[in-house]
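Colleague: Curious how this folds, go ahead:
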Amino acid sequence: MDKEKRKLSRRSFIGGGMAAVVGAGLSLPVTAGRLAAEEGGDDAPRIRDFRPLGKTGWKVSDIAFGNAMMQEPSLLEYAMDRGINYVDTARQYYDMEKVIGQIFPAKRDRLFVTTKLDPPLVTATVSVADLMTGIEESLERLNTDYIDCCLIHSIGDPNLGDAARIRNENIYTAFEKARSQGKIRFWGASSHGPKMIEEFTWMLENTNIDMIMPGMNFMTKGLEPVLAKAREKGVAVVAMKSLSAARIIDYSKYRTEGRTARQALLKWLLAQPGIDTISITMRSIEQVNEYVSASGNPELSMREREVLQGYCGLLSRDYCRPGCDGCLGACPHDVPIHDILRYRMYFHSYSREKYAMGLYAKLPAERTAVRCAGCAAPCESACTHQIAVRAKLIEAHRELSA
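Modeller: Got it, this is the predicted structure:
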């Protein structure tokens, strides 16, 4: 693939106004039939690009299956029929490990499986024995003898501890022990936290990590040195949080081309150097078809560029980016700004109102956004993206407390 085609300038999207934005509302419905017609008459679109997954020896579909909220495995099996051969899950995704386990061992050799240890398990003092227990519990839930890649989740999240959390040698001793016993093949780390750049960098420079899974999309920045270091060391890069808030955007004008803004977002990310695959949550056959249709052709049309430019203008002052720590420590009341704005996004953009409210309810009362009403809002002056942080936190408190 021509490198120039995959090297798309961020400047062509950022700074654009609203001219390309036709409207905002519910997510654009996409039918399997229309997408199939676009692909030349096949029953449904298929994966068209399989990329080397770092130094693992696997070639994986450029679009991967994220299984948060999946109720039963038939959707994953449909995605596999479309060519997807990578599935991502986690211990904290309710019983999703168990759902995937329903298709094993029969189809085990057809999938590269990643799972994530429960974030509170991994601490600055966790023992090798406790980590091994966590791995073995995931093996049992997944109904398999081995995990292709086991991840530490939520590194760079100040709520879970400082950098000492990832410098605990017991973590790496446990991973190597599990690898030697055949329980895992590779290990890595994932994050969409405000300190993810700093902590991914430390791990790349100081450990033999096999995979990183950063939260990234066309509105994030600062990850370029991390991606370059990963490429240099042969570390796999799996992108997540790739759609930002795209599920609620409806571009009626764009629909006439048979594509969606979400596909343009995926194509943009696939064009960036060093991305092996994108893990994206799929909740319906229509979504599988929609996302798979972005496979294999990252070159953007002029219309797609215009749409993303408008989308950036629409969200620029509303979206709290993964990996941004501009306001970290600015709140005098220790309100977890990043977390609450993420819960607000789940509430507004992902139709997960109860889930978002449940997360907010777990916060100590003294750290909720009720503290924001009479505050001078130093968080806003610290925000590098000019987000009206205080107003959004107050709105989030009202909605998430209802």
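Colleague: Going by C-alpha atoms from here, please, whenever you check contacts or count neighbours.
Modeller: OK.
Colleague: could you point out the longest strand in this protein?
Modeller: Taking DSSP state E as the criterion, the chain has its longest strand at strand 184-191.
Colleague: Return the distance of it from the chain's centre.
Modeller: 15 Å (CA atoms, centre = their mean, to the nearest Å).
Colleague: Make 6 the starting number, not 1.
Modeller: Yes, from this point I'll number from 6; that puts the last item at strand 189-196.
Colleague: The most centrally placed residue in the chain: what's it in contact with?
Modeller: Per CA atoms, centre = their mean, the C-alpha nearest to the average position across the chain is that of M245, at 2.2 Å. Applying CA atoms under 8 Å, 6 or more residues apart in numbering, we find M245 in contact with M218, P219, G220, M221, N222, I283, S284, I285.
Colleague: so which of the residues you listed comes closest to P337?
Modeller: G220 (27.0 Å; CA to CA).
Colleague: so that closest one makes contact with S249?
Modeller: No: applying CA atoms under 8 Å, one finds G220 not in contact with S249, separated by 9.4 Å.
Colleague: picking up where we left off before, select from the contacts of M245 every entry located in strands.
Modeller: Using DSSP E, the contacts of M245 in strands are M218, P219, I283, S284, I285.
Colleague: Quick check: closest non-adjacent residue to the fourth one.
Modeller: Here the nearest residue to S284 in space, its sequence neighbours aside, is A69; by CA to CA, 6 or more residues apart in numbering that works out to 4.6 Å.
Colleague: Give the other helices and strands that the host helix or strand of that neighbour contacts.
Modeller: If you go by DSSP states H and E, A69 is part of strand 68-71. On a contact count with 3 or more CA pairs under 8 Å, 6 or more residues apart in numbering; DSSP states H and E, strand 68-71 meets strand 91-93, strand 282-286.
Colleague: Ok, which of these comes nearest E371?
Modeller: strand 282-286 (33.0 Å).
Colleague: Would you give the sheet partners of the closest one, along with the direction of each?
Modeller: strand 68-71 (parallel), strand 241-244 (parallel) (DSSP bridges).
Colleague: Would you mind giving the ones you listed as a markdown table with mean neighbour count added?
Modeller: Output for the strands paired with strand 282-286, formatted as a markdown table (neighbours: other CA atoms under 10 Å):
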| stretch | mean neighbour count |
| --- | --- |
| strand 68-71 | 28 |
| strand 241-244 | 24 |
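Colleague: Mind putting the ones you listed into TSV with mean pLDDT?
Modeller: Listed next are those as TSV, based on pLDDT from 0 to 100:
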stretch	mean pLDDT
strand 68-71	96
strand 241-244	98
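Colleague: okay, and for the chain, where does confidence drop off?
Modeller: Scanning the chain with the threshold set as pLDDT under 70 gives 6-47, 73, 250-264.
Colleague: which stretches of it form strands?
Modeller: 55-57, 64-66, 68-71, 91-93, 117-122, 152-157, 189-196, 216-219, 241-244, 282-286.
Colleague: deepest of these, which one?
Modeller: Comparing those by mean neighbour count (mean count of other CA atoms under 10 Å), strand 68-71 ranks first with a mean of 28.
Colleague: From C384, how far out is F352?
Modeller: Relative to C384, F352 is positioned 22 Å away (CA to CA, to the nearest Å).
Colleague: likewise A69?
Modeller: On the measure of CA to CA, A69 and C384 end up 36 Å apart.
Colleague: Please apply the same query to G239.
Modeller: 38 Å.
Colleague: Could you check how far the residue nearest to S284 is from I202?
Modeller: For A69 relative to I202 (CA to CA), the value is 23 Å.
Colleague: cool, I217 as well?
Modeller: 11 Å.
Colleague: likewise P78?
Modeller: Distance of P78 to I202, given as CA to CA: 34 Å.
Colleague: who has more neighbours, these two?
Modeller: Using other CA atoms under 10 Å as the criterion, P78 and I202 rank with I202 on top: 24 against 17.
Colleague: check contacts around that one.
Modeller: I202 neighbours (CA under 8 Å, 6+ apart): G161, G227, L228, V231, G328.
Colleague: isn't the first one right next to S196, touching?
Modeller: Yes: G161 lies in contact with S196 (CA under 8 Å); the separation is 6.7 Å.
Colleague: Quick check: closest non-adjacent residue to S159.
Modeller: With CA to CA, 6+ apart, the residue lying closest to S159 is S196, at 4.5 Å.
Colleague: swap in H343?
Modeller: C325 (7.0 Å).
Colleague: what about the one you found, distance to L405?
Modeller: For C325, the distance to L405 (CA to CA) stands at 17 Å.
Colleague: So those two - more neighbours on which side?
Modeller: Legend: neighbour count by other CA under 10 Å for C325 and L405, higher for C325 (24 against 21).
Colleague: H338 touches R376, doesn't it?
Modeller: Yes: with contacts counted by CA under 8 Å, H338 reaches R376, the gap being 7.1 Å.
Colleague: more crowded one of the two?
Modeller: Of the pair H338 and R376, R376 is the one with more neighbours under other CA under 10 Å, namely 19 against 14.
Colleague: how near is the more buried one to Y351?
Modeller: Distance from R376 to Y351, by CA to CA: 21 Å.
Colleague: Now do the contacts for the closest residue to F180 other than its chain neighbours.
Modeller: Distance criterion CA to CA, 6+ apart; nearest residue to F180, sequence neighbours excluded, is W192 at 6.8 Å. Contacts here follow CA under 8 Å, 6+ apart; on that basis W192 touches C154, C155, L156, F180, I214, D215, M216.
Colleague: What of S300?
Modeller: Here S300 is in contact with R51, I52, R53, D54, D67, I68, K272 (CA under 8 Å, 6+ apart).
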